[in-house]
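>>> Quick one: sequence and predicted model below, then my questions.
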Amino acid sequence: MSNPLKILPDSKLVIGLPVICPRDSSNNARFIGSQQSDIQKAPYQVALLINHWQKFQILVCGGAIIRPNVVITAAYCIHGTTSAKWRVRAGSANYNSGGQIANVKTYIEHSEFDKLIRVNDVALLFLSSPFSLGTNVKAINISMYTSDMTSSNNATATGWGSPQVDKCLTRNLRELTLKIIDIKNCSASYPDKFTSNNMICGKRLNSAKYLFENRRTICRGDIGGPLRENENNTLIGIISWGNGCANINNPIVFTNVMKYMDWINSNLSVN
């Protein structure tokens, strides 16, 4: 890096617990230019829920099923927590009802995860019991691309996150199609933050025509969710961070899952 690294304050990053609201806010809480997604279009998507005073569960992050008993997510989501606090919902487009629920037996986050600059932002959750796979619940294969993603690739991100820092979650899963951009162009958008080839960056397609809509990129509740490469329907990324919840000018940054295949396989083999 030619420039000294500066750490953006937490208010500039997409972090923290989402705001829970009593009523469905799906008309307002959405990716910009997104559409509501049927769970059968993303049957690998899961909601990571944390117990709150043993009375109700809060959606904290997303994740993806890579084996019937294994979910991949962002290390940021589970860092500093205990396995007993977590529940994982699969097979439902609504994060707080339907589908299947599993407890988390244990989790492993990357040993070199850095919370401040979000490097090595990857973790595996091992479930107490496997999900029953079917039409609404499926594992997604990780892409085997040997080269970096290019601008010729389009991908789809899914999640339930808030439209802004202080806004409600969307109750229904939504999806957003993104254009993969070169990591150098991504770095130019974030001159004061660290980016590397272990990350993937994506920008919204045709964002200009959505200028007057409720501006939406990723936000609280989306982190840890999957990025699917559309041509082969394989997992290429994990939603990691972005510059503010409603900034339409900056790309979304994902953990490049393909760069962590050795780490993933070594941990799958011993758990």
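Good, I have the coordinates.
>>> Distance of the closest residue to residue 221 other than its chain neighbours relative to residue 90?
Spatial nearest neighbour of residue 221, chain neighbours left out: residue 161 (3.5 Å); criterion: CB to CB, 6 or more residues apart in numbering. All C-beta spots, glycine's among them, are computed from the backbone N, C-alpha and C. Between residue 161 and residue 90 the distance is 18 Å, computed by CB to CB, to the nearest Å.
>>> show me what contacts residue 257?
Applying CB atoms under 8 Å, 6 or more residues apart in numbering to residue 257 gives the contacts 72, 122, 142-143, 235-238, 264.
>>> Neighbour-wise, which one of the residues you listed leads?
Ranked by the number of neighbours (other CB atoms under 10 Å), the contacts of residue 257 place residue 238 first, at 31 neighbours.
>>> State the helix or strand in which that residue lies.
strand 234-241 (DSSP states H and E).
>>> mean confidence for the helix or strand following that strand?
Sequence order places strand 252-256 as the next helix or strand after strand 234-241, per DSSP H and E. Across strand 252-256, the average pLDDT comes to 93.
>>> Direction included, what does strand 252-256 pair up with?
Strand 252-256 pairs in its sheet with strand 199-204 (antiparallel), strand 234-241 (antiparallel), by DSSP bridges.
>>> Which strands and helices lie in contact with the next helix or strand after it?
Where DSSP H and E defines the elements, the next helix or strand beyond strand 252-256 is helix 261-269. Packing partners of helix 261-269 (3 or more CB pairs under 8 Å, 6 or more residues apart in numbering; DSSP states H and E): strand 123-127.
>>> what's the closest of the strands paired with strand 252-256 to residue 115?
strand 234-241 (10.8 Å; CB to CB).
>>> just how off-centre is the closest one within its chain?
When distances are taken as CA atoms, centre = their mean, to the nearest Å, strand 234-241 is centred 6 Å away from the chain's centroid.
>>> hey, C-alpha coordinates of that strand in PDB?
Provided in PDB are the C-alpha atoms of strand 234-241 (Å, rounded to 0.1, in the frame of the first residue of the first chain):
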ATOM      1  CA  THR A 234     -21.800 -21.100  -7.100                       C
ATOM      2  CA  LEU A 235     -20.700 -19.200  -4.000                       C
ATOM      3  CA  ILE A 236     -18.000 -16.700  -4.600                       C
ATOM      4  CA  GLY A 237     -18.300 -14.200  -1.700                       C
ATOM      5  CA  ILE A 238     -19.500 -13.400   1.800                       C
ATOM      6  CA  ILE A 239     -20.900  -9.900   2.500                       C
ATOM      7  CA  SER A 240     -18.300  -8.200   4.600                       C
ATOM      8  CA  TRP A 241     -18.500  -4.300   4.600                       C
END
